[in-house]
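**Student:** sharing a model that was predicted from the sequence below.
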Amino acid sequence: MRRNILIAILLLLMTAAAAWWLQPYIIVKDKDKRHPPKQSVTANPFSALESLLQSQGIEAISDNNRELLRGEFSATDALFLRNVRQPLNPETTDHIISWVESGGLLIYEPYFFEEQQGSYLNEAFGVFLKENSAEEYNWFIHAEAILDGQIAYVHMDGDYVLESSQSSANPIITSEYGVHGYQVFYGQGEVIVLADTRFMETPNDWRNFRSILTGDARADQHTLTGHDHAYLSYRFFEGREKVWLIHDTKTTGLMDKLTEKFPLFTLFSTCWLILFFFYLQRRLGPQQNSEAGLQQDISAHIHQAGQFFWQQDKGQYLLQQYRQRVLKKLTTRHPNLAGLDQDDLLQQIAKSSQLDIRKVELALHQTTFNKQDFTLAVNTLRQLWIL
């Protein structure tokens, strides 16, 4: 009996030792079954608002195609425009204004212009965007929205406020810095102008999957999930059958249209252009080598230049300039030569250079009348230059 107990204790100790030894080598991995959001969510700043409206039975379409503004809208539809940074053409502007007059709802964020003239929709509804004149304010400020007597709290950009030239414009979003939202009744329709629409954006947690995986994601109080933003956004579109969310109004370029309609043709044309540019880099015809006989070395060039100056009778002038430079250098390097008369100077230079005094005199003082004397004088001066 006692032997069995000892064996059992020994087995337990061996099992515990084996588990302790194997513990560092056992790695438990948790398989993350979460998937990153689709591109339709990450690329769309109003995908969350679109889902919210659809969950409430309102048909919502979110896109960034300006051409949708030319379509036919029903009087029960709502149109949301954000950051119209490029002017709409007159036909599109008139089309939107006529649709609002017939009963449509337009919600848009005007773009800031230094000059209010030319702000397209702004003049029609009499609401303009201006910079906040307060000296100190936060980047995002707390504002109050009042709809049908109910108050909602919203974050707005503190850089801009709205002003209206229409007495019928009703301020619906205000703060201590001014008005951030106006409601204007236009014909049978309605226009809501907002100084900032970031409170209607999709939360960053929806669009940034990497921040979720790393644990860096945090609630963004400036988007749809903050304060009463979702409630206020829904109240704007409540009662409408269809909502068009045009979040980035930019014209579709020609290349975008070709790529969408004819992708293979666009790919083939691009490859053909690349090959054509490479073909233009090729030489046309055999390579032409310059003939060696037509080239001149530096000595030949100096000889030809000397012949030219000699024919132009400029040899004496050049020789005199060379003499002055040599004498100046000699007196600088040998101060004992300064102040000597001509004969003593010639003797000292001839003695120091070990040259014949007649060559030194020819180089420094005599006038040359032929090429031989001129060449001899120049050669002597060159020897004196390095003395």
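**Tutor:** Received, thanks.
**Student:** next, the buried residues of stretch 327-341.
**Tutor:** 327, 330, 337 (16 or more other C-beta atoms under 10 Å). In short, each C-beta sits where N, CA and C put it, glycine included.
**Student:** surely the first one meets residue 360?
**Tutor:** So the one you mean is residue 327. No: Residue 327 lies out of contact with residue 360 (C-beta atoms under 8 Å); the separation is 11.4 Å.
**Student:** so residue 76 versus residue 245, what's the distance?
**Tutor:** As judged by C-beta to C-beta, to the nearest Å, residue 76 and residue 245 stand 16 Å apart.
**Student:** so the two - more neighbours on which side?
**Tutor:** Shown here are residue 76 and residue 245; by other C-beta atoms under 10 Å, residue 245 has more neighbours (24 against 12).
**Student:** ok but that one is inside a helix, no?
**Tutor:** No: using DSSP: H, G, I helix; E, B strand; the rest coil, the secondary structure at residue 245 is strand, not a helix.
**Student:** and the helices in the stretch 1-150 of the chain?
**Tutor:** 2-22, 39-42, 47-55, 90-101, 121-125 (DSSP state H, counting those that start in this stretch).
**Student:** then the longest one to CSV, C-alphas only?
**Tutor:** This file holds the C-alpha atoms of helix 2-22, laid out as CSV (Å, rounded to 0.1, in the frame of the first residue of the first chain):
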residue,chain,number,x,y,z
ARG,A,2,2.7,2.4,1.0
ARG,A,3,4.6,1.4,-2.2
ASN,A,4,1.6,2.3,-4.4
ILE,A,5,1.3,5.7,-2.8
LEU,A,6,5.0,6.4,-3.4
ILE,A,7,4.7,5.3,-7.0
ALA,A,8,1.7,7.6,-7.4
ILE,A,9,3.4,10.6,-5.9
LEU,A,10,6.5,9.9,-8.1
LEU,A,11,4.3,9.8,-11.2
LEU,A,12,2.6,13.1,-10.2
LEU,A,13,6.0,14.7,-9.6
MET,A,14,7.3,13.5,-13.0
THR,A,15,4.1,14.7,-14.7
ALA,A,16,4.4,18.1,-13.1
ALA,A,17,8.1,18.4,-14.0
ALA,A,18,7.3,17.4,-17.6
ALA,A,19,4.5,20.0,-17.8
TRP,A,20,6.8,22.7,-16.3
TRP,A,21,9.5,21.8,-18.9
LEU,A,22,7.1,21.8,-21.8
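**Student:** start the count at 30 instead of 1 going forward.
**Tutor:** That works, and once the first residue is 30, the last one we named lands at helix 31-51.
**Student:** point to the helix or strand of this protein where mean pLDDT is at its lowest.
**Tutor:** helix 238-242 (a mean of 44; mean pLDDT, DSSP states H and E).
**Student:** please spell out which residues along the following helix or strand past that helix are buried.
**Tutor:** Going down the chain from helix 238-242, the next helix or strand is helix 258-266, by DSSP states H and E. By neighbour count with 16+ other C-beta under 10 Å, helix 258-266 contains the buried residues 258-259, 261-263, 265-266.
**Student:** helix 258-266 - contacts with which helices or strands?
**Tutor:** Secondary-structure packing of helix 258-266 (3 or more C-beta pairs under 8 Å, 6 or more residues apart in numbering; DSSP states H and E): helix 76-84, strand 134-138, strand 169-176, strand 179-186.
**Student:** can we see that at 7 Å?
**Tutor:** helix 76-84, strand 179-186 (3 or more C-beta pairs under 7 Å, 6 or more residues apart in numbering; DSSP states H and E).
**Student:** what lies in contact with that helix?
**Tutor:** For helix 258-266, the surrounding residues in contact (C-beta atoms under 7 Å, 6 or more residues apart in numbering) are 78, 81-82, 85, 87, 107, 136, 174, 176, 181, 183, 221, 228-229, 252-253, 272.
**Student:** low pLDDT regions in the stretch 130-279 of the chain?
**Tutor:** 140-149, 234-250, 277-279 (pLDDT under 70).
**Student:** quick one: buried residues of stretch 79-95?
**Tutor:** Going by 16+ other C-beta under 10 Å, stretch 79-95 has these buried residues: 79-82, 87, 89, 91-93, 95.
**Student:** quick revisit: okay if I get the helices and strands packed on helix 258-266 as TSV plus distance to residue 352?
**Tutor:** As requested, these are exported to TSV (distance: least, C-beta to C-beta, whole Å):
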stretch	distance to residue 352
helix 76-84	90
strand 179-186	82
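**Student:** give me the mean pLDDT for stretch 406-416.
**Tutor:** Taken as a whole, stretch 406-416 has an average pLDDT of 81.
**Student:** how far out from the middle of the chain is that stretch?
**Tutor:** Here stretch 406-416 is found 63 Å from its chain centre; the criterion is C-alpha atoms, centre = their mean, to the nearest Å.
**Student:** next one: stretch 257-276
**Tutor:** With C-alpha atoms, centre = their mean, you get 34 Å for stretch 257-276.
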